[in-house]
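Engineer: here is my input; please provide its structure:
(4 chains)
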Amino acid sequence: MSVQADMPVMRRSSRLSRTMLPYLLSLPALLVCIGILIPFGTAVYYSLQRYRMSQPWNRGMNWGENYLNFFTDPDFWNTLQVSLTYAGLTVVLELLLGLGIALLLQKRSRVNNFVSIMLLMPLMTAPALAALMFKLMTNSNFGILSYFMQLAGFQDFRWASSPDTALLTVILVDVWVYTPFIMILLLAGLRSLPTQPFEAAALDGVPRLEQFWRITLPMLSPYILTAALFRLLDSIQQFDIIYAMTQGGPGDKLMVFQVEAYLNFFQSTNVGRSAALLMILWAITYVLSNIFVKNWLRLRERARGEA
Amino acid sequence: MDHMSPLERILRAVALALVVLFFMFPIFWIVLMSLQTNETILRSPPSMAFVPTFKNYAAIIAGRLDSNVASMSIQFMGNLMNSVILSVGSVALALVLGVPAAYAFARHKFKGSEDIAFTLLSFRFAPPLLVLLPLTLYFQSLGLANTYVGLIWVYQLICLPLILWIVRGYFEDISPDIEHAYRIAGHGWFATFRKIALPLAGPGIAAAGLLAFIFAWNNFVFALVLASADKQPVTVGALAFVTASGIQYGQIAAAIVMSIAPTLLLALWAQKYLVEGLSLGAVKG
Amino acid sequence: MSRIEIRNLVKSFKEDAVLSGIDLDVPQGSTLVLFGPSGAGKTVLLRCIAGAIEPDSGDVLLGGASVSDVLPEHRGIGMAFQNFALFPHMSAYDNIASPLTARKKTGDQIRKGVEAVARLLKIDHVLDHTPKALSNGQKQRTALARALVSEPKVLLLDDPLRNVDAKLRFEMRLELPRLLSDQGATVIYVTQDYREAMALGDRIAVLDGGHIIQNGTPEEIYRKPATINIAKLFGDPTINLLDVIPVSDASGVHAMLSDRRIQLDPGLAGYAGKECVLGLRPEALSFTDASDGVPVTIEAETPFNEKSVTLVTTLRKREILLSRPSGTPAPESGTVHITIDPSDAVLFDRETGLRIDPNGSNQAAERAA
Amino acid sequence: MHEKEKDLISTFLSGGMSRRSLIKRLGAMGLTAASAGTLHNLMATQALAADFDWKKHSGKSIKLLLNKHPYTDAMIANLDAFKELTGMDVTYDVFPEDVYFDKVTAALSSGSSEYDAFMTGAYMTWTYGPAGWIVDHNEWINDPEKTNPNYNWADMLEGVRKSCAWNGVPGGELGSDDAKQWCIPWGYEQNNLTFNKGMLDKAGVAVPTNMSELMEAAAKVQADTDGIYGIGVRGSRSWATIHPGFLSAYSNFGEMDLTNDDGKLSAAMNTAGSKAFHADWVKMIQDSGAADWSTHTWYQVGTDLGAGKSAMIFDADILGYFMNGGDNAMAGELAYAGFAANPEAKAPTPNIWIWSLAMTKASKDLDATWYFMQWASGPEHALFGARKMDFVDPVRNSVWEDEMFKEKLNNGYPGYVDMYNASAPGASIKFTPQPLFFDMTTDWAAMLQRMVAREVPVDEGLDQLAASMNKQLAEAGLR
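Structural biologist: I've put the predicted structure just below:
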């Protein structure tokens, strides 16, 4: 037997090239992202400027003035309030509905699987298009939802056109699109729960409702928290649905951060204010996403441990 | 759990039926609408009795709309094509960039890797306009305005973090020993990556890719802000359609149906991957 | 050509030192068993040798040449993993063939090589199965076949029998020595099972807390364990450990048990009056009819493998285990006497846990340092 | 062709003769006005080619940014004529109106040289001009080297022409002597009533002639006909809600958006007169407006009228024009009326929207682009659009005097010309030009929505609006 042939040549490789490998692998992705970070820096810079495109002669650094102005700006507080209300309501509604549906579908059966597949479909619909669909459905002339409302006795239900119901209408679209997302997460969580505690509780004769409160809910809580944070982060930045539905109206009823910033930029060409608004939104999401990531990492460890 | 009273059984069935009704009805109704003429749509009260017509679809496919304002041509099929190019291109690029990076993050705990990974994830949560608005001012000088390349690059903002985080989770789930075994057997790192890591993370890559495709397809604000007329995807195109068609409701409905059909079909076809991707994307990473 | 030398190898993860200065020398063609409790760093050491992990400092030499800068794929090592680490998406055949494909063998050579090793390990009938379809034993053999197929000069086996059932482990323990000696490779074999260690090793190195505590032949390890810990790890039932204070007088050195003197090696005179631990292997004790034996009370008896194990207590209620081959007669209850062969008794320093060498110098202590 | 006739027309084209005398003299020669028009058109192209070097920029290519609009369709339909005339190539991007102006802002603010010219409204130039994104077109109009002798700038309706010129001083008068011509008018719209004759007749309602009659008529006709509403006006949260019917009626009462005190601007929406008008307007929408008024933009307003869902609209006259044709359910059923909201007023004073063309400052070849501009806004293309396409309302006197065009209108759209003539003298932009135009009108629309929804009483809302406006003006250094 020839030893030479069997022993591969002991090729040397420099330590440097080995330690560099992970950097080399992630470098292209990083470069692409750094390219995207540059405009972020620009936005910070703009937010510190008095910058209205229609008045170039007035442009200049005004440092924190754009931010300071927010304190006395009722529009800003309205935007903050609308964004938080929208995010809060959608998350709560979607959580409750999503949890309910997940509990309905918990048992693996043919019907349940079919229903969960059906529920994927709203989630796969672009939110902007979903808004358009609901716009058609709530049209006062022929919209089917308007018709149902008439049948139900609300002769003059104006959906997104009325300030009283506009928020409700966009929330309805949000709920339609995103409840399935929460449902899927919670269903995954429910189905991964260990069965022993439930069997033990059943043997002890613990009523099902109590099982739910004392076992299911606590064990599911990390999933619920993750799903809630995830949605909250998206929801507070809502743009597509509201822009496609009412562009922030009627009045200032739906002036959430990104819609306000968009209109500030494109219609008023007030770049400074627009950038400052977005920076505030970014700060909110940054704090939220930090909480989210910490919680999520814990959950991931758990999921991995159980796997 | 199996012992359900008949009443509970019925209540559950009713609840389930309501859920399906709520979530499926809009899609069902929009499909019905797309098969009607303005005349039958505008009937009051609404009625299910109508002779279905494919006129609306024909008009959109032909790109010729005879509306009540004027007859005009519309590039909806072009929008559809743009959506395909942008989504496929973005996902392909995100996979090429993201999979190796995900591998690096999963396998090598190098200096700053967690920070970089978090930064990339935080893109997922940053307000898109924060980046997009300044970008409108840059795009021209970069020569990226009015190009697919520019848009595909910006779409990485959605696709890349998604791919990176889901695929990384899958790579981390592969026992390092399996890769060590292959290396020790005499294969180089690239062969190991290609023959072991990639195939084993395959389902994860598929799930992440599908999900990224759908997010890219459904994206609205990027194209709204940055895309020029001939590069606009269906999401923006369909909205613009409302004006352009001078309210031919059936045509709007047909346009919506055509815009959401690809993702819906994809969802039906690959629902297993999608569910996995969605739950892992959020929970597992 | 393929001697394995390890020089002062250090590896820590974050703040925790896993290996703190390992030196080992495995002559060509011999088998070294790396023995130690879980978490002792055995697997880490093996990975350092294979190149899967880079040590913080120190060196690994194969055939006299340092391989620190050699990538794992170029070290020419065969390795079997504790968890088998089979490629789940490949058939058993492709799994086994992978070292051959890496070496750019022709299809014919690969087929012959794989089939030969599969026949040897009796898995030739499952070659087209994927790992999922294999039983644990088949998986283990596949992993072993993969390590062996390229006839590597260095073979690292990481507790390959850990995850297989008792019957298979027993069979393999009989088969492996022949297999390894047929290969003529230099082998490092990791195990937590002392019987495996005794059966397979030309030498056994005991690793604990990042150090090699003892490195010797199986006989040495068993009869002269360097520490109480090692004594406890080897042997089943475990060694009896009794706190004693040796006494030295005109009749020699002895310890007291149930008011009877146990004669100890005269070389231990220096430890008279110190707190020690007396180690008595259960099989070194036997019942006697003679009344000068140590009086004990039988508490219970239980069959254990091919042995019968008896629990007895001394006058001061200290528990002692005796073992004898099954079927040999023994008293059933009551107060009986046992004899102790002094040459089988080992004495440990209670404070340090190190064995006290009757010949004066404290070898164990030196080794551990 | 007879030499004499040719000479006559040439004289006319070079500006040496009024149209009236031309037709008179051609008539003396036995030619009808209509055939004279054809002749004139034919001759014009000849004349164009003869007197001016149209081929100077041959081989160059320019790119346009266009809004999806009938004017655009008309221009594109005639584009080959331009290409042939000049040997230039023209490419274009067409965006629907929902996103059009955002695209313009994006393109201009980035300093893009991609587009050489684009469609715009006059209001937009109050942003684009001061921002330095567009040029003062006077430089080209007044340069005989660059502009063909038959361009006839003076032929443009004066009010319209001047509405596109501003000196850039916030509050400065439109069309003042030092004004810069920020854009070239292309087509425009007056805001008047278009109504469904049948519905009004059935309800026994006369065509309203002032605000209170309008409110009554709208309420009456709505009560009399099932499933319709009385009056369509825009209501979305956008500047576009303010400028059509609303501002036309508002200014008919002599009310202003802002007052200009020696360059210092102040909000003027909270005067007593303004509050009274707002109260009426809000009540009219509450009583007889569309249920989803607050999402209505021009196309919902138009579509509802065309589909027979509303009885009247107070919006762009050309919207009424389009709704009376095509496959609209109410095609042929609609009629037009000039509308003076103020019973005291002698005539309607419609605010106008002007679709214009402007050259981008960043364009790499402004001279070549100007060739397109003068062709697209020139008399020949205007006539082509008016006669063959739906290019209403044209901005040139000569087109309004064209018999073929008038005939087309009178046949298909009875009453349209009368409506036009009644309101044209008072038609102009009624806003104060200033860079916060969009902030002001958007806030105004939002406030209108709140008032219609009864979230805030009219006078309180207007006080709030004025205060907020004054604050913004102060912040922008305009007050």
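Engineer: mind checking how far the nearest residue to D:S363 once chain neighbours are set aside is from chain A?
Structural biologist: Excluding the flanking residues, the one nearest D:S363 by Cβ to Cβ, 6 or more residues apart in numbering or on different chains is D:D116, at 4.1 Å. C-beta: built from backbone N, CA, C; applies to glycine. Distance from D:D116 to chain A, counting by Cβ to the nearest Cβ, to the nearest Å: 20 Å.
Engineer: is it true that D:D116 touches D:L64?
Structural biologist: Yes - applying Cβ atoms under 8 Å as the test, D:D116 and D:L64 come out as touching, 7.0 Å apart.
Engineer: between the two, tell me which one has more neighbours.
Structural biologist: D:D116 (25 against 22; other Cβ atoms under 10 Å in any protein chain shown).
Engineer: for that one, what are its contacts?
Structural biologist: D:I62, D:K63, D:L64, D:M359, D:T360, D:S363, D:K364, D:D365, D:L366, D:A368, D:T369, D:F372 (Cβ atoms under 8 Å, 6 or more residues apart in numbering or on different chains).
Engineer: show me which of these are buried.
Structural biologist: Buried members of these, counted by 16 or more other Cβ atoms under 10 Å in any protein chain shown: D:I62, D:K63, D:L64, D:M359, D:T360, D:S363, D:D365, D:L366, D:A368, D:T369, D:F372.
Engineer: so which of those are in helices?
Structural biologist: D:L366, D:A368, D:T369, D:F372 (DSSP state H).
Engineer: how about the nearest residue to the last one, chain neighbours excluded?
Structural biologist: It refers to D:F372. Distance criterion Cβ to Cβ, 6+ apart; nearest residue to D:F372, sequence neighbours excluded, is D:I62 at 5.8 Å.
Engineer: the one you found contacts D:V90, doesn't it?
Structural biologist: Yes - taking contacts as Cβ under 8 Å, D:I62 lies within contact range of D:V90: 5.8 Å.
Engineer: find the residues that touch each one of those two.
Structural biologist: Shared contacts of D:I62 and D:V90, counting by Cβ under 8 Å, 6+ apart, come down to D:F372.
Engineer: and the nearest residue to C:E351 once chain neighbours are set aside, what are its phi and psi?
Structural biologist: Closest residue in space to C:E351, ignoring its immediate chain neighbours: C:E275 at 6.9 Å, by Cβ to Cβ, 6+ apart. Backbone torsions of C:E275, given as degrees, to the nearest 10, read phi -80, psi 120.
Engineer: report how many residues lie close to C:E275.
Structural biologist: C:E275 has 12 nearby residues by other Cβ under 10 Å.
Engineer: check contacts around it.
Structural biologist: C:D243, C:I245, C:R350, C:E351.
Engineer: mind checking pLDDT for the last one?
Structural biologist: Think C:E351. C:E351 is assigned 84 on the pLDDT scale.
Engineer: so which helix or strand takes in it?
Structural biologist: Assigned by DSSP states H and E, C:E351 falls within no helix or strand.
Engineer: now stretch C:90-107 - C-alpha only, PDB.
Structural biologist: Extracted in PDB, the C-alpha atoms of stretch C:90-107 (Å, rounded to 0.1, in the frame of the first residue of the first chain):
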ATOM      1  CA  MET C  90     -26.600  11.200   1.700                       C
ATOM      2  CA  SER C  91     -26.900   7.400   1.600                       C
ATOM      3  CA  ALA C  92     -24.800   5.300   3.900                       C
ATOM      4  CA  TYR C  93     -22.700   4.500   0.800                       C
ATOM      5  CA  ASP C  94     -22.100   8.200   0.000                       C
ATOM      6  CA  ASN C  95     -21.300   8.800   3.600                       C
ATOM      7  CA  ILE C  96     -18.700   6.200   3.700                       C
ATOM      8  CA  ALA C  97     -17.400   7.200   0.300                       C
ATOM      9  CA  SER C  98     -16.900  10.800   1.200                       C
ATOM     10  CA  PRO C  99     -13.200  10.600   2.300                       C
ATOM     11  CA  LEU C 100     -12.500   8.700  -0.900                       C
ATOM     12  CA  THR C 101     -14.200  11.200  -3.100                       C
ATOM     13  CA  ALA C 102     -12.200  13.900  -1.400                       C
ATOM     14  CA  ARG C 103      -9.100  12.000  -2.300                       C
ATOM     15  CA  LYS C 104     -10.100  12.000  -5.900                       C
ATOM     16  CA  LYS C 105     -10.300   8.200  -6.200                       C
ATOM     17  CA  THR C 106     -11.800   6.700  -9.300                       C
ATOM     18  CA  GLY C 107     -15.300   5.400  -9.100                       C
END
